[in-house]
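# what follows is a predicted structure for the sequence shown.
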Amino acid sequence: MTQDKKQPPLLTPDWAFLMRHPAHWLAFGFGAGLARRAPGTWGTLVALPLFALLHIWLPAPIIFALCWPLFAAGIWFCEVTGRALGVSDYGGIVWDEIVAMLMVLCFAPESWLGWLMAFALFRLFDIVKPWPIRWCDHQIKGGLGVMVDDILAAAMAIAVLLVIGPWIS
């Protein structure tokens, strides 16, 4: 059983912790989650070059479809890592931000301004957590809880992008 996310972790994650299990490496966004300040923002930033690389070979709808297996795998990554840390939703677990931001970028205008708006909107909804995001964040625990609130934040960011996107090219 893991503690509430407001509790300190049973151990302090570091590079050695990330290397102990592939789930830790992925849950911590290839190390981005080790950032002392704003690990969620750093995790979100990981999605930008990852999307750019994927988008060389794949169109946005295919990338969006690939996000669903990444979401499902993330439930496991985040569950394993949360249990190891003893905290259900430790701040350094950023796989949820990476997958959610990949989804948002699939709907962003393909310009630096479009990507900036996508980033800002996702971070806004992820940080502010309007209803139902906040409710899910408090009610759903474990790996699923880690992943679900960010997917909802992504859905809200996508909804706004669909409305304002034509004006931000």
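Everything's here; your move.
# so residue 18 is in which element?
helix 15-20 (DSSP states H and E).
# quick one: contacts of that helix?
With contact meaning C-beta atoms under 8 Å, 6 or more residues apart in numbering, helix 15-20 is reached by 11, 24-25, 28, 31, 34, 84. (Glycine included, C-beta is placed from N, CA and C.)
# can you name the next helix or strand after that helix?
That would be, after helix 15-20 and using DSSP H and E, helix 22-27.
# buried sites along that next one?
For helix 22-27, burial by neighbour count (16 or more other C-beta atoms under 10 Å) applies to 23-27.
# may I ask which of the contacts of helix 15-20 has the most neighbours?
residue 28 (25 neighbours; other C-beta atoms under 10 Å).
# what sits closest to residue 101 if chain neighbours are left out?
residue 47 (3.5 Å; C-beta to C-beta, 6 or more residues apart in numbering).
# what of residue 81?
In space, residue 81 is closest to residue 27, 3.8 Å off (C-beta to C-beta, 6+ apart).
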